[in-house]
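> Below: sequence and its predicted model.
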Amino acid sequence: MVQGIIGSELAKLIKSAKVPDKDVRDEDWKGGNIKGSRNYPSQRFLLEVDDLIKRTKDVPIMIFHCALSQERGPKAARIYEETRNALHDANHTVYVLQGGFLQFGQSYKVTLHH
C-alpha cells in the first residue's frame, strides 16, 4: 500500500544520502527539483516503469512526487507498487511526498534549472 511521507522525513533521507525520490512532473520539472531526485515524466511513466523496477530492485524505499502530489505522483506510485508487487517483490515501501515539490520547496533548498 502506498503511504504518505512528510517533507521533514524526506529531508532526513536526503541528509543520510538515501534518496530514492522519483519526480514525475513533466515540463514543469525544469523549474527546479529536490536534491537527488530523478525525473520520470508522467507522460512516459507507463513505458518506463519496467525499466525503473529493474534498476531499483534492491531499493527498499521509493518516494514519488509531482508538483502537488495530488495526481501524477500518487498515480505513478500506485503503478510502480502494483507492478513491483506483481513480480512477487514485497520487500519494499512506496511513499508519496505529501504536498509535493511546491510545499517541500517552501521549507527546504531545491536545485534550480535554467
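Right, received. Where do you want to start? If you're wondering where the values come from, they're calculated on a predicted model, not measured in any experiment.
> okay, CA-based contacts and neighbour counts for the rest of this
OK.
> Would you mind pointing out the helix or strand residue 50 falls in?
Using DSSP states H and E, residue 50 sits in helix 45-55.
> who does the helix or strand that comes right after that helix touch, helix- and strand-wise?
Later in the chain than helix 45-55, the nearest helix or strand by DSSP H and E is strand 61-65. Counting by 3 or more CA pairs under 8 Å, 6 or more residues apart in numbering; DSSP states H and E, the packing neighbours recorded for strand 61-65 are strand 21-23, helix 72-86, strand 93-97.
> Strand 61-65 pairs with which strands, parallel or anti?
Within its sheet, strand 61-65 is paired with strand 21-23 (parallel), strand 93-97 (parallel), according to DSSP bridges.
> Tell me where the protein is predicted with low confidence.
Within the chain, the segments meeting pLDDT under 70 span 19-20, 109-114.
> one more time with 50
Residue ranges of the chain with pLDDT under 50: 114.
> Quick check: end-to-end length of stretch 15-31?
Stretch 15-31 has an end-to-end distance of 22 Å (CA to CA, to the nearest Å).
> next one: it to chain centre, how far?
Mean-position distance between stretch 15-31 and its chain equals 6 Å (CA atoms, centre = their mean, to the nearest Å).
> From residue 28, how far out is residue 68?
According to CA to CA, residue 68 stands 11 Å off from residue 28.
> between the two, who's got more neighbours?
Taking neighbours as other CA atoms under 10 Å, residue 68 and residue 28 compare with residue 68 leading, 18 against 12.
> Does the more buried one belong to a helix, a strand or coil?
Here residue 68 is coil, with the state taken from DSSP: H, G, I helix; E, B strand; the rest coil.
> which residue packs closest to it, ignoring adjacent ones?
Closest residue in space to residue 68, ignoring its immediate chain neighbours: residue 100 at 4.1 Å, by CA to CA, 6 or more residues apart in numbering.
> what number of residues lie near that neighbour?
By other CA under 10 Å, 21 other residues sit near residue 100.
> these two touch, right, it and residue 72?
No. Taking contacts as CA atoms under 8 Å, residue 100 lies outside contact range of residue 72: 10.1 Å.
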